[in-house]
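> Here's my sequence, what's the structure:
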Amino acid sequence: MKKIISDIHNGVQNSRKTIEFLQKNSKWSWIGDYPTAVVNEINRIEDEQTLKELEKINFFNEDGFSKHSYSKEEIKYLKQNAPSAIKTAYCLCLKKQRSGEYKFLEKFTHDRWKKVTDDEENFEALVEFSKFSLDADSKIIETALRDIMRSSKEIPSLKRIGFVWIVTLPKTINIVDILEHYFGDNHIFVEQGRKITYIAWGDKLADINMRYFVNTP
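Numbers count the residues shown, from 1 in each chain. Presented below is the predicted three-dimensional model:
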């Protein structure tokens, strides 16, 4: 993870387009807006327009379930035309360039989501990004972080890999207590004018302890 963090640190320092910088200057493969889940069952779609867009590509079979594999073009279509039917991560760090279709699997028949699988064991680290304004406080920021980690931990292929949180906020907001609570000493920062960007990480998402809070709910 140290080398991955070093690359991310360089990206944040040297470019406003961190993912593009990483794609050009890192030995790993970095894919932004990576699909992590697709809707599993037709009765989970709540708006008519999304349903119409999905019907155009025969997204559901005759039993009302989505399939398990999707091409790059199909994923792009979902992102553009039915965003509520797909979940994505800010970025995924892979050991090598991905090949073939994106594959998803539900745990139980009527789960809301089919979750991305890593059959080739190619996933190295999940990277998520948050940005906050002066309106945010410590409780809002912690809640956002916990929501990200909780939803990611529900996906087995992401739970077992490294986790990186990049967060940008005004210098006047102090979140060191949150970073130390969840990540220990595993956090660094980059100052950029009136803003500061923290990079915090855990070697394995599943090992980040979420039992206790910094801000009492």
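> can we go C-alpha only for contacts and neighbour counts from here?
OK.
> ok, Asp137 touching Ile173?
Yes - contact criterion CA atoms under 8 Å: Asp137 and Ile173 qualify, at 7.2 Å.
> Neighbour count for the two, which is higher?
Ile173 (17 against 13; other CA atoms under 10 Å).
> Look up how far Gly100 lies from that one.
Remark: distance between Ile173 and Gly100 (CA to CA, to the nearest Å) = 43 Å.
> now Lys79
From Lys79 over to Gly100 (counting by CA to CA), the distance is 19 Å.
> Tell me which of the two has more neighbours.
Lys79 (17 against 9).
> so who does that one touch?
Ile86 (CA atoms under 8 Å, 6 or more residues apart in numbering).
> if you set the cut-off to 10 Å instead, what comes out?
33, 35, 73, 85-88 (CA atoms under 10 Å, 6 or more residues apart in numbering).
> now swap in Ser99 and tell me
Counted by CA under 10 Å, 6+ apart, Ser99 has contacts 72, 120.
> Could you do the one 4 residues further on as well?
With contacts defined as CA under 10 Å, 6+ apart, Lys103 is in contact with 35-38, 67-71, 114-119.
> how about a cut-off of 6 Å?
Taking CA atoms under 6 Å, 6 or more residues apart in numbering, we find Lys103 in contact with 68-69, 116-117.
> Using neighbour counts, give me the buried entries of the residues you listed.
68, 116-117 (16 or more other CA atoms under 10 Å).
> Any chance of TSV for those, columns secondary structure?
Formatted as TSV, those follow (DSSP: H, G, I helix; E, B strand; the rest coil):
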residue	secondary structure
His68	coil
Val116	strand
Thr117	coil
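> Bridged to the spatially most central residue of the chain, which residues?
Taking CA atoms, centre = their mean, the centroid of the chain lies closest to Ala89, which sits 2.6 Å from it. Using DSSP bridges, the beta-bridge partners of Ala89 come out as Tyr34.
> is it true that it touches Asp33?
Yes - Ala89 is within contact range of Asp33, at 5.3 Å (criterion: CA atoms under 6 Å).
> All good on my end, thank you.
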